[in-house]
Every structure is written in structure tokens, then in C-alpha cells.
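K.L.:
dropping a prediction and its sequence here:
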Amino acid sequence: MNRFQQFLAVILSMSLINATILVPVAHAGMVTTQEVATVVATGQAESGQARLAAALARDEVRTEMERQGVDPAMAIERIAALTDEEAARLADQIDTAPAGGIIGAILLVFFVLLLTDILGLTKVFPFTRSVR
């Protein structure tokens, strides 16, 4: 049993040494505005189609598409059929779209009901007193 333990110790030591050598090292640094402008100007930035494909790869997007009856494979094919300009424009629209559009609609309904309660036209909220 002693030889087996020595053999196992040598194998584990070699594995540990090998694992520490193969770990890649990451270096972080500041990126200047000029470097970013150069990347954008030369077109090395991520394309619109890649940004759209990355958005479609998210699990919550896929489940919502399937819930609404859209096949994710068909959506990927349609993205691939877009020109670079169309894909970039669509990706920019998605990036600048307001998140949570339903919240704005709910707040609008709340304020309309609140205003009608204050004017005395309805009695929805118990914490309001009508003007009449």
C-alpha cells in the first residue's frame, strides 16, 4: 500500500503543477477614448448582427419568443438575412428602447384614476377626497 500512496502522491503533485501552469493570466488596463474611437472608426466593434444574435441567445428572450409563438431558429435566420446597416440600426433601437414599457402604462392609468377620484367623478382610492 505504501508504493501505491507514493505513486498517487506523485501523480497528484504533477497534476497540481500542470494545472497551475495552464491557467491563463488576465491583464486589465485603462482604455483611452482615442482607442475606443479608433476601434469604432475602423469597424472592429461588434457588428449589429452579432449584438442581435447575442440578445437572442439569452434564455429570457428565447422563452418570451416561444411564449408569443415565434420560433427562435426562424428569428436567427431572419437576422442573418439583414444587411449590416439594418442590423446595426435594429440593435441600436433595442439598446436605446426604454425598459419596462408596461410600467409607464400602469402609472398613466394610476394617475388618471387618481385625478378622476380627486375631481369626484369616481371613487376608486379610499385615501382621496373629492373636490365636490
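P.N.:
Sure thing, it's come through.

K.L.:
kindly state the domain boundaries assigned to the chain.
P.N.:
Domain segmentation of the chain under automatic domain parsing yields 46-97, 100-132.

K.L.:
what helix or strand is Asn18 on?
P.N.:
helix 2-22 (DSSP states H and E).

K.L.:
Gln34 is nearest to which of the domains of the chain?
P.N.:
Nearest to Gln34, of all the domains of the chain, is domain 46-97, at 19.2 Å by C-beta to C-beta. Bear in mind the C-beta positions are built from the backbone N, C-alpha and C, glycine included.

K.L.:
quick one, phi/psi of Ser130?
P.N.:
For Ser130, the backbone dihedrals (degrees, to the nearest 10) come out as phi -80, psi 160.

K.L.:
and what of Lys123?
P.N.:
Torsion angles, degrees, to the nearest 10, at Lys123: phi -140, psi 80.

K.L.:
per-residue pLDDT, it?
P.N.:
For Lys123, the pLDDT comes out at 80.

K.L.:
wait, it sits on Leu113?
P.N.:
No. Using C-beta atoms under 8 Å as the test, Lys123 is too far from Leu113 to be in contact (10.2 Å).

K.L.:
of these two, which one has the most company?
P.N.:
Set side by side, Lys123 and Leu113 show more neighbours around Leu113, with 15 against 10, by other C-beta atoms under 10 Å.

K.L.:
that one contacts Thr128, doesn't it?
P.N.:
No. Counting by C-beta under 8 Å, Leu113 stays clear of Thr128, with 9.4 Å between them.

K.L.:
who touches the helix holding Asn18?
P.N.:
Helix 2-22 has contacts (C-beta atoms under 8 Å, 6 or more residues apart in numbering) with no other residue.

K.L.:
centre of the chain versus it, how much separation?
P.N.:
42 Å (C-alpha atoms, centre = their mean, to the nearest Å).

K.L.:
what's the average pLDDT for it?
P.N.:
Here helix 2-22 scores 78 as its mean pLDDT.
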